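Q: whatever this is, show me its structure:
(chains A and B)
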Protein chains: 2
Amino acid sequence: MKIESFKCENCGSTYMPNGDLMLCPKCKYPLLPIYNLNFLRGKFKIEKLKNRRPFLWRYWELLPTIKKKNIISLMEGYTPIIESNRVKRKLGVKDLKFKLEYVNPTGSLKDRGSTMLISWLKQLGIKSIADDSSGNAAASISAYSSRAGIKCTIYMPEKTPTSKIVQALLYGAKVLVVAGGRTETAEKILTDMEKGKIYYASHNMSPYFLEGFKTFAYEIVEQLEGKLPDHIIFPVGGGSLFLGAYRGFVEAEEIGWIRHLPKLHIVQPEACNPIVKAYEKRSELVEPVEEKETVAGGLKIVNPPRGRSIMKALFKCNGTAISVKEEEIIEGYLLLAKEGIFAEPTSATVIPALKKLVEDEIIGRDESVLLPITGFGLKDLKTAINIAEKLKQYN
Amino acid sequence: MKIESFKCENCGSTYMPNGDLMLCPKCKYPLLPIYNLNFLRGKFKIEKLKNRRPFLWRYWELLPTIKKKNIISLMEGYTPIIESNRVKRKLGVKDLKFKLEYVNPTGSLKDRGSTMLISWLKQLGIKSIADDSSGNAAASISAYSSRAGIKCTIYMPEKTPTSKIVQALLYGAKVLVVAGGRTETAEKILTDMEKGKIYYASHNMSPYFLEGFKTFAYEIVEQLEGKLPDHIIFPVGGGSLFLGAYRGFVEAEEIGWIRHLPKLHIVQPEACNPIVKAYEKRSELVEPVEEKETVAGGLKIVNPPRGRSIMKALFKCNGTAISVKEEEIIEGYLLLAKEGIFAEPTSATVIPALKKLVEDEIIGRDESVLLPITGFGLKDLKTAINIAEKLKQYN
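A: Numbers count the residues shown, from 1 in each chain, chains lettered A, B, ... in the order given. Just a heads-up that it's a prediction; the model follows:
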């Protein structure tokens, strides 16, 4: 699909489509691609997809135009949706489903973004990139770069433990250790970009990375045969999955696949909840919070680059944003495992969030709910061992 | 599908079907279920499957009869097949594909067996089981048991590191630590079974667990639209995937989906290669080897319970069995990662095996090859860290 323009949701500027454009030249806000979908309305039937292979490129008509030879894929997406049994009973909800996003080739949701971004960069002829991340995105971007034959350097804060970066290293990425924390690392990579030292392929800011997550919504529409859940709860750090899914549902509505959007809610840990704070003020302006420790490592983003876009989307679909405590995350983690779902703590935040939203009657017990499970449990082995050791199931 | 009898491939005895039967009452060899497939020949077209959900139960007509309400599934199977780019060029083969078995709900191939075995036990009304494993099977059996509401105890050798068992513990399994190594652990669980203390649901010996792996073959037939690979190479420990796949291909031939079988080869580490030793003597009798250390932890089975069946299958399909060295496994591990595939070392054995089989002209450079990638790289984080630390990609 052809991008007609790039839009800045911060200052309202629009720009001519340009593959290299990432940030608004005026205000440095990450841009969004804008399409014209009118010509597909009512003409692109979902039944048409039936015989396509079960991966996210089955929706190529709704994704940025990339030539087949440039597509770098590990057969990501089209992740399974399973029914809950135990969590459902425990929380007293009638219809609860999980979408297992960790059943992706590098073990997390990020592969949806990476296949899109890296394929696009391959098409542009880029030979070497840099990104900053110490988690799932580092691993995912590294895997796809390596497969594409693109050199990849990951900027990481000095304190990042080896276990967190080992997957990226093995795929073949180089790691540049930056003195300081996440903030210093982000500053360093931006400076290096401005100096022309690197090609900064930011997973958190690239319009293409974000586009990959629209497929999460298309899949729900297709896999559930139009029987949309009433509510979906997203753990939000940078917000790629939440924003991507929102955009995907909006498009699905535009082309006539669905009649209305599900309510999309957001959960963050109390230790790092800039979105929740803005929501409580009913403000579109997300202000940075202090960097505190949380077991939900994937959500430790104190100043989400697309904050304003997240808030706009949240208000438009009548969603809620709530915080959960550390001990509630651990409880959710163990409860999920009892369903046979071993997720990283970041992913488990949706369980206490669902509990609270039901108690607060924002989600009715008779309504249907879908929870994405974003990352595999072994992604954070240290926490897994800490928790397992307290269980006393040894004999 | 109805099982007509249970057969012992060791002493040749056959028995009336009985859900609880696992070992031959005469010689203690693990039994195989026998079906009558004649009635399906030419009548069960593969096109019939098209609109079914992408998981292994889509082949229910070819699997043991289990009522829908008893099926315990996490949407396992129907794993992606991807094309090689780098490994292909490096080894000079024309057509190389990988089937990503680690893209399963607990991160390994074992989920194919677990969904079958645990669903069957649920149908029998079993409330509590025991199994012995320190690896992927422990995690998988625990996950499915937990989901089924069946209590699960895993017997493990005393030296098993916590990191290896943490996944099983979190799913909710109890762990019984046995003094000694794998041999003592196997003896202890058999004694406890004979004393009637436990219900031993052995993943290595259960006929039902094995049945799950037939679907690996059906999927290849369906996903590649009948264009079978000429060769498949299997890492073999207990041999579930190899034997299951063999049985699946034989059935696919019987019902008319394919005309002949691919050649199925076996790889084992030099440190633990009882199958290779029997193959070199062209013998059906597999003799136990000494327990030595190998980075391919999943293949450390010194005396595979279904040894004779593995040899029979290997000889029937004109396959080869070869050993690979520890350093070759590590090389294969790193080469796979460069394709974007982060696998555990056990899975990487297929890379040096392919290299050797090509050099020995057992596999022609123009022939097509498929390699299963059985377990996710994070399943063995210790090895991953050891290897990553030597790469010197830090800056």
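
Q: excluding residues flanking it in the chain, which one is nearest the spatially most central residue of chain A?
A: Nearest to the geometric centre of chain A sits residue A:241, at 3.0 Å (CA atoms, centre = their mean). Closest residue to residue A:241 apart from its sequence neighbours, by CB to CB, 6 or more residues apart in numbering or on different chains: residue A:213 at 5.2 Å. Every C-beta, even on glycine, is put in place using the N, C-alpha and C of the backbone.

Q: any idea how far that neighbour lies from residue A:77?
A: 10 Å (CB to CB, to the nearest Å).

Q: joint contacts of the two?
A: residue A:112 (CB atoms under 8 Å, 6 or more residues apart in numbering or on different chains).

Q: report how many residues lie close to the residue of the stretch 201-350 of chain A found nearest chain B.
A: Going by CB to the nearest CB, chain B is nearest to residue A:340 of the stretch 201-350 of chain A, at 3.7 Å. Neighbourhood size, residue A:340 [other CB atoms under 10 Å in any protein chain shown]: 28.

Q: also residue A:327?
A: Neighbour tally, residue A:327, other CB under 10 Å: 10.

Q: quick one: it is in a helix?
A: Yes - applying DSSP: H, G, I helix; E, B strand; the rest coil, one finds residue A:327 inside a helix.

Q: what helices or strands is whichever strand or helix holds residue A:372 leaning on?
A: Taking DSSP states H and E as the criterion, residue A:372 maps to strand A:368-373. Secondary structure elements in contact with strand A:368-373, counted by 3 or more CB pairs under 8 Å, 6 or more residues apart in numbering or on different chains; DSSP states H and E, are strand A:95-100, strand A:231-235, helix A:350-359.

Q: adding distance to chain B and mean pLDDT, write these out as a markdown table.
A: Listed next are those as a markdown table, based on distance: least, CB to the nearest CB, whole Å; pLDDT from 0 to 100:
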| stretch | distance to chain B | mean pLDDT |
| --- | --- | --- |
| strand A:95-100 | 6 | 98 |
| strand A:231-235 | 18 | 98 |
| helix A:350-359 | 14 | 98 |
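
Q: deepest of the ones you listed, which one?
A: strand A:231-235 (a mean of 28; mean count of other CB atoms under 10 Å in any protein chain shown).

Q: following element in sequence after that one, please.
A: Assigned by DSSP H and E, the successor of strand A:231-235 is helix A:240-254.

Q: now for residue A:158: which residues touch it?
A: A:177, A:178, A:179, A:180.

Q: what's the spacing between it and chain B?
A: 11 Å (CB to the nearest CB, to the nearest Å).

Q: just the pLDDT at that residue, thanks.
A: At residue A:158, the predicted lDDT confidence score is 86.

Q: count of neighbours near the nearest residue to residue A:226 once chain neighbours are set aside?
A: Distances taken as CB to CB, 6+ apart place residue A:258 nearest to residue A:226, at 6.7 Å, with adjacent residues excluded. Other residues near residue A:258 come to 19 when the count uses other CB under 10 Å.

Q: distance of residue A:258 from residue A:227?
A: Residue A:258 is 10 Å from residue A:227, by CB to CB.

Q: count the neighbours of the residue nearest to residue A:241 for me.
A: 26.

Q: could you list the domains of chain A?
A: Domain ranges of chain A: A:81-108+A:213-391, A:110-206, per automatic domain parsing.

Q: how long is the longest one from one end to the other?
A: Looking back up the chat, that one is domain A:81-108+A:213-391. One end of domain A:81-108+A:213-391 to the other measures 29 Å (CA to CA, to the nearest Å).

Q: in the stretch 101-250 of chain A, which spans are strands?
A: Secondary structure of the stretch 101-250 of chain A (DSSP state E, counting those that start in this stretch): strands at A:128-132, A:151-157, A:174-178, A:231-235.

Q: run the contact check for the third one versus chain B.
A: So the one you mean is strand A:174-178. Yes - counting by CB under 8 Å from any CB of the partner chain, chain B is contacted by strand A:174-178 at A:174, A:175, A:176, A:177.

Q: where are the low-confidence patches of chain A?
A: A:1, A:392, A:394-395 (pLDDT under 70).

Q: related to what we said a few turns ago, tell me which of the strands of the stretch 101-250 of chain A sits nearest to residue B:331.
A: strand A:174-178 (20.1 Å; CB to CB).

Q: which residues touch that closest one?
A: A:130, A:151-158, A:160, A:165, A:168-169, A:184-185, A:188-189, B:393-395.

Q: who touches the residue lying closest to residue A:67 once chain neighbours are set aside in this structure?
A: Leaving out its chain neighbours, the residue that sits closest to residue A:67 by CB to CB, 6+ apart is residue A:123, at 6.3 Å. Residues counted as contacts of residue A:123 (CB under 8 Å, 6+ apart) are A:19, A:66, A:67, A:70.

Q: quick check: of these, which has the highest neighbour count?
A: residue A:66 (18 neighbours).

Q: assign that one to helix, strand or coil.
A: When classified by three-state DSSP, residue A:66 comes out as coil.

Q: give me the distance between it and residue A:6.
A: Computed as CB to CB, the residue A:66 to residue A:6 distance reads 17 Å.

Q: right, and residue A:367 touches residue A:96 too?
A: No - counting by CB atoms under 8 Å, residue A:367 sits too far from residue A:96 to count as a contact (9.9 Å).

Q: state the phi and psi torsions of residue A:267.
A: Here is the backbone geometry of residue A:267 (degrees, to the nearest 10): phi -120, psi 140.

Q: how near is the residue nearest to it when sequence neighbours are not counted to residue A:237?
A: Once flanking residues are discounted, residue A:267 sits nearest to residue A:353: 3.6 Å by CB to CB, 6+ apart. Applying CB to CB, the value for residue A:353 to residue A:237 is 14 Å.

Q: next, the contact list for residue A:219, please.
A: By CB under 8 Å, 6+ apart, the residues touching residue A:219 are A:56, A:77, A:78, A:79, A:99.

Q: what is the neighbour count of the fourth one?
A: To tie it back to what came earlier, the one meant is residue A:79. Quick note: residue A:79 (other CB under 10 Å) scores 26 neighbours.

Q: so who does it touch?
A: Residue A:79 neighbours (CB under 8 Å, 6+ apart): A:99, A:100, A:101, A:103, A:104, A:219.

Q: could I get the residues you listed as CSV with distance to residue A:378?
A: Shown next, in CSV, are those (distance: CB to CB, whole Å):
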residue, distance to residue A:378
A:99, 19
A:100, 14
A:101, 15
A:103, 13
A:104, 14
A:219, 24
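
Q: which stretches of the stretch 251-395 of chain A form helices?
A: A:274-280, A:307-316, A:326-338, A:345-348, A:350-359, A:381-391 (DSSP state H, counting those that start in this stretch).

Q: can you say which of these is packed in most?
A: helix A:345-348 (a mean of 30).

Q: counting by contacts, list what that one packs against.
A: Packed next to helix A:345-348, using 3+ CB pairs under 8 Å, 6+ apart, are helix A:326-338.
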